[in-house]
Structure formats: C-alpha cells, structure tokens
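Enquirer: just the structure for this:
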Amino acid sequence: MAKEPKAPEIIFVDNPLAPDIYATGATGFFVSNGAISITLESIRADHNEPPGPLKRVVVGRLVMPAAGAQGLAIGLFDFLEKQGFKYDKPPGA
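Expert: Presented below is the predicted three-dimensional model:
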C-alpha cells in the first residue's frame, strides 16, 4: 500500500504592524459560499450632544472559511475556559 504524500508545512509569519480592532460585541453572523462573516461592533458616545447618546457602530467584519471559523470558535472557547471564564446559557436559551 502506497503512503500518502505529507502536506508541506506552512510557515507562520507574525506581523507586529498588523492592525488591532477593538470591538465590544459580535452583532451578526452570515454565511455565503462557505464563508462565515462576523460583524463586529463597538459602543461609542456621540459627543456632539453632551452627555451624548450611546450608539452601536460597526467597526469591522471578519470573514473566514467555515472550517477556520469553527477552529476560531473552538480555540476561543477553550482559551476562555482556561482563563476561568465559564459559559452560562442566557435566560430562555
């Protein structure tokens, strides 16, 4: 029986200049053609009208293949659990 060829290793290259996005929540999720889109939001104050009403502003969208999004969800959940954050189902869920 022939051995399957080993996939080449893909090297990880860190980029310290990559932008950071601060979001206070993930507002929406959408799937299209196998890609998962996650809309990120941040709460902002409108300083034109003191004390200024709060607004939920879209700050970015993360789009990943479904397999990558699933890996993100599992990895994030595991990381949070190791940091002491426990998942509690919201009321009525």
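Enquirer: do a quick rundown of the strands in this structure.
Expert: Across the chain, reading from the start of the chain, the strands by DSSP state E fall at 25-32, 35-45, 54-65.
Enquirer: out of those strands, which gets nearest to Q83?
Expert: Evaluated over the strands of the chain, closeness to Q83 peaks at strand 25-32, with 18.3 Å, by C-beta to C-beta. Placement of C-beta: from N, CA and C, glycine included.
Enquirer: kindly export the closest one (C-alpha atoms) in PDB.
Expert: Backbone C-alpha positions of strand 25-32 (Å, rounded to 0.1, in the frame of the first residue of the first chain) are rendered in PDB as follows:
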ATOM      1  CA  GLY A  25     -19.500  42.700  20.600                       C
ATOM      2  CA  ALA A  26     -20.200  40.500  17.600                       C
ATOM      3  CA  THR A  27     -23.500  41.800  16.200                       C
ATOM      4  CA  GLY A  28     -24.300  39.400  13.400                       C
ATOM      5  CA  PHE A  29     -23.300  36.300  11.600                       C
ATOM      6  CA  PHE A  30     -23.900  35.400   7.900                       C
ATOM      7  CA  VAL A  31     -22.800  32.500   5.700                       C
ATOM      8  CA  SER A  32     -22.300  32.700   2.000                       C
END
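Enquirer: check the gap between R56 and A26 for me.
Expert: 12 Å (C-beta to C-beta, to the nearest Å).
Enquirer: common neighbours of those two, please.
Expert: Counting by C-beta atoms under 8 Å, 6 or more residues apart in numbering, the shared contacts of R56 and A26 are E41.
Enquirer: could you list which residues are in contact with F30?
Expert: Contact analysis of F30 by C-beta under 8 Å, 6+ apart lists I36, S37, T39.
Enquirer: repeat that with 6 Å
Expert: Neighbouring residues of F30 by C-beta atoms under 6 Å, 6 or more residues apart in numbering: S37.
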